[in-house]
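Participant: Sequence first, predicted coordinates after that:
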Amino acid sequence: MKHTIAMGLAALSLVVISGCSSMQDKSTMAKSVEVDDAAYIARVERVAMDRGVMVRWVNPPKKRVDTQL
């Protein structure tokens, strides 16, 4: 019984340690920010103007852009 508990704890410890060591450092990962998708907005507004429609963006479309470190 004691041997089984000891082996179980050893196995659990190895799983936890290997899980923590495989995580990447978040400071080395590229950061991303959301910006307005200006090209898409311009395209939609140009088509709308050609058709005589006024576009009012309530939630303008966004795209993710990676920042340079």
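Facilitator: Received, thanks.
Participant: top helix in the chain by residue count?
Facilitator: When the chain is parsed with DSSP state H, its longest helix is helix 2-21.
Participant: Please point out which parts of it sit buried.
Facilitator: For helix 2-21, burial by neighbour count (16 or more other Cβ atoms under 10 Å) applies to no residue. No exception for glycine: its C-beta is placed from N, CA and C like everyone else's.
Participant: So what are the sheet partners of the helix or strand following that helix and their directions?
Facilitator: Taking DSSP states H and E as the definition, the helix or strand that follows helix 2-21 towards the C-terminus is strand 32-36. Sheet pairing of strand 32-36 (DSSP bridges) gives strand 62-66 (antiparallel).
Participant: Would you mind pulling the contact partners of the strand it pairs with?
Facilitator: 30-37, 40 (Cβ atoms under 8 Å, 6 or more residues apart in numbering).
Participant: Mark which of these are buried, thanks.
Facilitator: Of those, these count as buried by 16+ other Cβ under 10 Å: residue 37.
Participant: Now the contacts of strand 62-66 in JSON lines, please, with extra columns for distance to residue 57 and pLDDT.
Facilitator: Output for the contacts of strand 62-66, formatted as JSON lines (distance: Cβ to Cβ, whole Å; pLDDT from 0 to 100):
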{"residue": "30", "distance to residue 57": "28", "pLDDT": "69"}
{"residue": "31", "distance to residue 57": "26", "pLDDT": "79"}
{"residue": "32", "distance to residue 57": "22", "pLDDT": "82"}
{"residue": "33", "distance to residue 57": "19", "pLDDT": "86"}
{"residue": "34", "distance to residue 57": "15", "pLDDT": "86"}
{"residue": "35", "distance to residue 57": "14", "pLDDT": "87"}
{"residue": "36", "distance to residue 57": "9", "pLDDT": "88"}
{"residue": "37", "distance to residue 57": "11", "pLDDT": "91"}
{"residue": "40", "distance to residue 57": "11", "pLDDT": "93"}
